[in-house]
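Colleague: predicted model and sequence below, questions to follow.
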Amino acid sequence: MLIANPIYDNVFKFLMEDLEIAKGVISTIINTEIDHLSFQAQESITRIDNKFSFYHLDFVARIRQQDCSYKTVLIELQKTNLPNDIMRFRKYLGEKYRDEDEVILDNGKVKQGPIPIINIYLLGFYLSKTLPAVIKVDRRYIDVIHGAEITERNEFIECLSHDSYVIQIPALQMELKSRLEYVLSIFMQENFINKENHLKDYRYETEDTLMKKILRKLSTAAGNRDFLRQMEVEELAYRDYDILRTTIETSEKRIQEMETILQKNETEIKK
């Protein structure tokens, strides 16, 4: 099946704006049943060098816990191909902790107040080749005095700390033995039909209902000329950004080398 490459922001956003698909994908990644999912009341947009917009896909989810009770959480789903995006993530996360959350209730009303956060990061680069493809950063409550784990949960603590899931897309080498592996297989950078890597041939058979919906959505994007043009613009923007970053890093390195030479000369003169 011919599908658009979801590593591109516009395709990824098109896919995840389908709430039924988003619910299935997020539920699979966090391995937790989601009873209800909706977009956060406010949408956030970050512009990179004024060339294109990056959408932070924020959802409000009512998840079912192990004790069968329900908890409302804010899920931040972000994808980036820029290795130096750590500061952007930190800044955005800081803003989310600072701002009062807005939750759209089932009756359409908006409720304000802090709710726990779960972060999901899809990275188009390696953090480390020795780390696995999918990493869960899991919080635990520990009684430091007695060294025992605490099962009780507290709203104060939950709203001031968060779980994270980090996915290194280049490290994805799936055996397709679970739904998670099938879902993440759409991001595997393989079987491209051209050198631009915009479109690829998805060759794996699946009878999973969620996967069929995902593949139909990505197939629709593959046949849309506007999406292909947006992918080209996005790729050029990333290239320009990378060239600019490399130029700055080279200049900074050269400045450091010159400063080292000047300091050495000053030392020699003083002698």
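Modeller: Received the coordinates, thanks. Small disclaimer: the values here were computed from a predicted structure and weren't measured.

Colleague: surely Arg200 meets Ile193?
Modeller: Just so we're on the same page, residue 200 is Lys rather than Arg. Yes: using CB atoms under 8 Å, Lys200 is in contact with Ile193, at 6.5 Å. For glycine as for every other residue, the C-beta is placed from the backbone atoms N, C-alpha and C.

Colleague: mutual contacts of these two, please.
Modeller: Applying CB atoms under 8 Å, 6 or more residues apart in numbering, one finds that Lys200 and Ile193 are jointly contacted by Leu2.

Colleague: between these two, which one's more packed in?
Modeller: Lys200 (23 against 12; other CB atoms under 10 Å).

Colleague: how close does that one get to Leu82?
Modeller: As judged by CB to CB, to the nearest Å, Lys200 and Leu82 stand 22 Å apart.

Colleague: repeat that for Ser69.
Modeller: Distance, Ser69 to Leu82, by CB to CB: 39 Å.

Colleague: comparing these two, which residue is more hemmed in?
Modeller: Higher neighbour count among Ser69 and Leu82: Leu82, with 16 against 9, using other CB under 10 Å.

Colleague: which residues touch the host helix or strand of Ser219?
Modeller: Here Ser219 sits within helix 209-222, counting by DSSP states H and E. With contact meaning CB under 8 Å, 6+ apart, helix 209-222 is reached by 1-4, 6, 11, 14-15, 18, 20-21, 24-25, 28, 179, 182-183, 186, 199, 202, 206, 227.

Colleague: list buried residues within those residues.
Modeller: Buried members of these, counted by 16 or more other CB atoms under 10 Å: 3-4, 6, 11, 14-15, 21, 24-25, 28, 179, 182-183, 186, 199, 202, 206, 227.

Colleague: out of these, list just those in strands.
Modeller: The members of the buried ones among the contacts of helix 209-222 that map onto strands under DSSP state E are Ile3, Ala4, Leu199.

Colleague: wait, the second one touches Gln230, no?
Modeller: What it means is Ala4. No: if you go by CB under 8 Å, Ala4 and Gln230 don't touch, sitting 10.2 Å apart.
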